[in-house]
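In: Below is the sequence, then the predicted model.
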Amino acid sequence: MKNIYAIIQKIEDYDVIINRQQVGLYSTYRTKPDLFNLITRASVTPFQYEQESTVPPGKRNTEAVGGEALEKSLDQLVGGRTVRELSRELNPEDMLAFFEEHVDDLQDLEIHKYYVQAQSGDTEPWLLLGIMKSRALQWKKHFRGTISVSANKVVASFGAKLTAEEEVDRMKYNIYHARYADES
């Protein structure tokens, strides 16, 4: 099993150098790859490190929004499987689909409870699923595909372009994007 991070750039680029010190999401969570994996799928914080972010490097969070709740969620069950297992075995899109299929199980997740507090008590898992969808679509848009060799043939597989609706959903929870600065 291997982690499939919902990232769009080199993993080290989720760090910045401040006063000759490397700090950021990657540095903070590099010893916890399963947690970093879930952060890239279910937190808005990675958007701070990505294209067109309005957050200056010195102001970027080094800890993920909902990090403690995400860590507790790793060993919780969705559809009879741990979140850790799902994030190792499923790509970001497939994990989102699995969560949508088992939406009743999300009520007990610590990250869902964290987001319930953030949304003033609305108990529906729309915020968790929305963030996961934005991150999955961010990954899908920038996923470069895979190349493998099978029976002496090179097989390449590349992700599809996003539809206009998916592009809207991709940006919906990217609160750090430059387009929000234009709206203020």
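Out: Now that the structure is in, tell me what you want to look at. Residues are numbered from 1 along each chain as shown.

In: Residue ranges in this protein under the pLDDT threshold?
Out: Applying pLDDT under 70 to the chain picks out residues 1, 120-122, 144-150, 154-160, 180-184.

In: So in it, which helix runs the longest?
Out: If you go by DSSP state H, the chain has its longest helix at helix 126-142.

In: List the buried residues of that helix.
Out: 127-129, 131-140 (16 or more other C-beta atoms under 10 Å). Every residue, glycine included, has its C-beta placed from N, CA and C.

In: Check stretch 23-36 too.
Out: For stretch 23-36, by 16+ other C-beta under 10 Å, it's 23-26, 28-29, 34-36.

In: about what we covered before: tell me the gap between the longest helix of the chain and the middle of its chain.
Out: Taking C-alpha atoms, centre = their mean, to the nearest Å, one finds the center of helix 126-142 at 7 Å from the center of the full chain.

In: just the CA coordinates of that helix, formatted as CSV?
Out: Extracted C-alpha coordinates of helix 126-142, given in CSV (Å, rounded to 0.1, in the frame of the first residue of the first chain):
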residue,chain,number,x,y,z
TRP,A,126,-21.5,18.9,3.4
LEU,A,127,-18.4,20.8,4.5
LEU,A,128,-16.2,17.7,4.8
LEU,A,129,-17.4,16.3,1.5
GLY,A,130,-17.1,19.7,-0.2
ILE,A,131,-13.5,20.2,0.9
MET,A,132,-12.7,16.6,-0.1
LYS,A,133,-14.3,17.2,-3.5
SER,A,134,-12.3,20.4,-4.1
ARG,A,135,-9.0,18.7,-3.1
ALA,A,136,-9.8,15.6,-5.3
LEU,A,137,-10.6,17.9,-8.3
GLN,A,138,-7.4,19.9,-7.6
TRP,A,139,-5.5,16.7,-7.8
LYS,A,140,-7.4,15.5,-10.9
LYS,A,141,-6.8,18.7,-12.7
HIS,A,142,-3.0,18.5,-12.2
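
In: which other residues reach it?
Out: 6-9, 40-44, 46-47, 50, 91-93, 95-96, 99-100, 103, 106, 109, 111-112, 115, 118-119, 159-162, 166-167, 169-174 (C-beta atoms under 8 Å, 6 or more residues apart in numbering).

In: about what we covered before: for the buried residues of helix 126-142, give me JSON lines that also has distance to R81.
Out: Converted to JSON lines, the buried residues of helix 126-142 look like this (distance: C-beta to C-beta, whole Å):
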{"residue": "L127", "distance to R81": "22"}
{"residue": "L128", "distance to R81": "17"}
{"residue": "L129", "distance to R81": "17"}
{"residue": "I131", "distance to R81": "20"}
{"residue": "M132", "distance to R81": "16"}
{"residue": "K133", "distance to R81": "20"}
{"residue": "S134", "distance to R81": "23"}
{"residue": "R135", "distance to R81": "20"}
{"residue": "A136", "distance to R81": "18"}
{"residue": "L137", "distance to R81": "23"}
{"residue": "Q138", "distance to R81": "24"}
{"residue": "W139", "distance to R81": "20"}
{"residue": "K140", "distance to R81": "22"}
